[in-house]
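J.: sequence and predicted structure below; questions after.
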Amino acid sequence: MQENNNEVLLRVEHLCQYFKMGPGRELKAVDDVNFEIKKGEVFGLVGESGCGKTTTGRSIIKLYDITSGNVYFKDQRICAGTRSYKNAIRQAREECRKVCEEYKKQSEEEIAAGADEAAVNEKYATLKAQAHEKCAAVVEENKKLISSANHDQKYCDKDHAKREVAKITAEKEAALAACVTEEERAACEKKYKPLLRLASRERLVNEIQMIFQDPIASLDPRMTVRDIIAEGLVIKGIKDKKYIDEKVYEVLEKVGLVREHAGRYPHEFSGGQRQRIGIARSVIMRPELIIADEPVSALDVSIQAQVINLLNELRSEFGITVLFIAHDLSVVKYFSDRIGVMYFGKMVELATSDELFAHPLHPYTKSLLSAIPLPDPKYEKERRRSTYNPLAEHDYSVDKPVMREIVPGHFVYCNNAEFEKYKEEYAKSEEKAAENTKSADAETKKTSAKSESSRSSSAKKTTSGSKTGASRTAKKAPAEGEKKTARRAPAKKTTASAKENKGAED
């Protein structure tokens, strides 16, 4: 399903989203998450409830101010946190203080041992000055990073609008230079005036839209469907009501609704229709990226299939990139090109959908896959779900885990010992898959040979049967003639006896 495109549209680096829970307490909803989404692909994000999937999506779209990390969209930083820079400043100052205390102890020991006090004080004063300079350099660098992060977090949309205005202004000047008469210049000014106004209100985050999990909670009950869908265009600065109505009707038909639905309110629709309204609200803005936050979890199976097929059609028609958040792994496998598995705010495994289902390595991923039900009663009776206990599975007391690449494109959150273990496990699974493929090929050849032999034997039987039937027919032909003759003989005899009887009467 993925297009052959290596352009990175969204890049998430060390994303952290913490929430305060009282004095000295924090909830790490998302902790050091890294991934990137290429243009035109569907990136699936799966995990149990409360693992941080929705928080990740909301942080990307700037519904939350992230605690730490960076989010880049089209190579422009749209989200930036400052916690890591503040921690670096605090750590540098703490290290400088410890070094200075150590120098002070060493100087006192040397003076007590009889060394020249002036020389010792001068020596350690120089070392302390160097330590303070090093600390000051780190502090100054991180302060600049904090200033840059605060600016990008607050003014990235305004900077994007300035760039768009500069681009439109350059086009306008080139067009005006090509004009000859005053009428042409006036027409050019009239053409570019609304374009400049729209460009000044352009926002980079407008190119990212979100489909929310609960369709009824995300739709304003006091607004009609037309107002809900057109709200983004109005905020963007479009004032032409006729143009807005045409766009609303067009997108309603795209998502499988009709024009008459534009004047109704959200409570008049079913759950699937409300979700279609949410999709229409997102698509009307022509976004580059859609964050679909469990768009089918509240719907029944038939409506789920309709919504997934609708998203597929819209993706192929408009070239939309999708961050697909869901619980149903079978749906994610069907719809996604790559899948990231989250557990307690951490990304524990990341691979392509086929690779993840064929070679799951992290114990939590195996636990999720073992919970997928299949429409096979015999299999379901014998199926045993594997449970994941992180305290029993891992020992991170000394060797800390990080995301490591087991094979190209397949990343797992593990330490050094687990990294070697997963590599061996992957190699064994590859060998087993190769053996299964060979046995399947041999079985296929054997079955085809049997079918060929049965076909040839049946063909021989058919041929011999046809020959035997022909000979039997040839032998039976005279007998049939004799029978007909024998049948006719009594008729002649009867005729002769009738004549004799007639002569006797005469």
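T.: Done, it's in.
J.: how about the contacts made by the spatially closest residue to residue 322 that is not a sequence neighbour?
T.: If you skip the residues right next to it in sequence, residue 322 has residue 42 as its closest partner in space, 4.5 Å away by C-beta to C-beta, 6 or more residues apart in numbering. In short, each C-beta sits where N, CA and C put it, glycine included. With contacts defined as C-beta atoms under 8 Å, 6 or more residues apart in numbering, residue 42 is in contact with 1, 2, 315, 321, 322, 324, 335, 336, 337, 338.
J.: of those residues, which pair is most distant in space?
T.: Of all pairs drawn from these, the one with the longest distance (C-beta to C-beta) is 315 and 338, at 14.7 Å.
J.: about what we covered before: adding neighbour count, distance to residue 203 and pLDDT as columns, could you present the contacts of residue 42 in JSON lines?
T.: What follows is those, written out as JSON lines (neighbours: other C-beta atoms under 10 Å; distance: C-beta to C-beta, whole Å; pLDDT from 0 to 100):
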{"residue": "1", "neighbour count": "13", "distance to residue 203": "30", "pLDDT": "47"}
{"residue": "2", "neighbour count": "15", "distance to residue 203": "28", "pLDDT": "50"}
{"residue": "315", "neighbour count": "19", "distance to residue 203": "23", "pLDDT": "87"}
{"residue": "321", "neighbour count": "23", "distance to residue 203": "18", "pLDDT": "93"}
{"residue": "322", "neighbour count": "24", "distance to residue 203": "20", "pLDDT": "93"}
{"residue": "324", "neighbour count": "26", "distance to residue 203": "24", "pLDDT": "94"}
{"residue": "335", "neighbour count": "22", "distance to residue 203": "28", "pLDDT": "89"}
{"residue": "336", "neighbour count": "25", "distance to residue 203": "28", "pLDDT": "91"}
{"residue": "337", "neighbour count": "19", "distance to residue 203": "28", "pLDDT": "92"}
{"residue": "338", "neighbour count": "22", "distance to residue 203": "28", "pLDDT": "94"}
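J.: now tabulate those residues in a markdown table and tack on distance to residue 29.
T.: Converted to a markdown table, those look like this (distance: C-beta to C-beta, whole Å):
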| residue | distance to residue 29 |
| --- | --- |
| 1 | 30 |
| 2 | 29 |
| 315 | 28 |
| 321 | 24 |
| 322 | 22 |
| 324 | 20 |
| 335 | 25 |
| 336 | 23 |
| 337 | 26 |
| 338 | 22 |
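J.: keep only those of those residues that are in helices.
T.: Secondary structure from DSSP state H places 315, 335 of these in helices.
J.: so how far is residue 282 from residue 123?
T.: Relative to residue 282, residue 123 is positioned 67 Å away (C-beta to C-beta, to the nearest Å).
J.: more neighbours: these two, which one.
T.: In this comparison of residue 123 against residue 282, neighbours counted by other C-beta atoms under 10 Å, the higher total goes to residue 282 at 24 against 16.
J.: element containing residue 245, please.
T.: Element membership of residue 245 [criterion: DSSP states H and E] is helix 241-254.
J.: so which elements touch that helix?
T.: Under the contact criterion of 3 or more C-beta pairs under 8 Å, 6 or more residues apart in numbering; DSSP states H and E, helix 241-254 touches helix 225-236, helix 271-283.
J.: let me see the mean pLDDT of the first one.
T.: Averaging the model's pLDDT scores along helix 225-236 yields 92.
J.: equivalent analysis for stretch 169-176, please.
T.: For stretch 169-176, the per-residue pLDDT values average out at 92.
J.: next one: stretch 77-95
T.: Taken as a whole, stretch 77-95 has a mean pLDDT of 94.
J.: just the ones in strands from the contacts of residue 42, please.
T.: With strands identified by DSSP state E, the entries of the contacts of residue 42 that belong to them are 321, 322, 324, 338.
J.: so which of those residues comes closest to residue 197?
T.: Within the set of the ones in strands among the contacts of residue 42, residue 321 lies nearest residue 197; the separation is 28.4 Å, counting by C-beta to C-beta.
J.: check which helices and strands the helix or strand hosting residue 56 is in contact with.
T.: Counting by DSSP H and E, the secondary-structure element that holds residue 56 is helix 53-60. The contact analysis (3+ C-beta pairs under 8 Å, 6+ apart) places helix 53-60 against strand 8-20, strand 26-38, strand 42-46, strand 208-211, strand 289-293, strand 321-325.
J.: redo that, cut-off 6 Å
T.: Applying 3 or more C-beta pairs under 6 Å, 6 or more residues apart in numbering; DSSP states H and E, one finds that helix 53-60 makes contact with strand 26-38, strand 289-293.
J.: could you export that helix as CSV, CA atoms only?
T.: Output of helix 53-60 as CSV, limited to C-alpha atoms (Å, rounded to 0.1, in the frame of the first residue of the first chain):
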residue,chain,number,x,y,z
LYS,A,53,-1.0,6.4,21.9
THR,A,54,-3.7,9.2,22.0
THR,A,55,-1.4,11.5,24.1
THR,A,56,1.3,11.0,21.4
GLY,A,57,-1.2,12.1,18.7
ARG,A,58,-2.5,15.1,20.7
SER,A,59,1.1,16.2,21.4
ILE,A,60,2.0,16.1,17.7
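J.: gap between it and the chain center?
T.: 13 Å (C-alpha atoms, centre = their mean, to the nearest Å).
J.: what's the angle from the following helix or strand past it to strand 289-293?
T.: Scanning forward in sequence from helix 53-60 by DSSP H and E, the next helix or strand is strand 68-73. Regarding strand 68-73 and strand 289-293, their directions subtend 120 degrees when assessed with axes from the mean of the first three to the mean of the last three C-alpha atoms, to 10 degrees.
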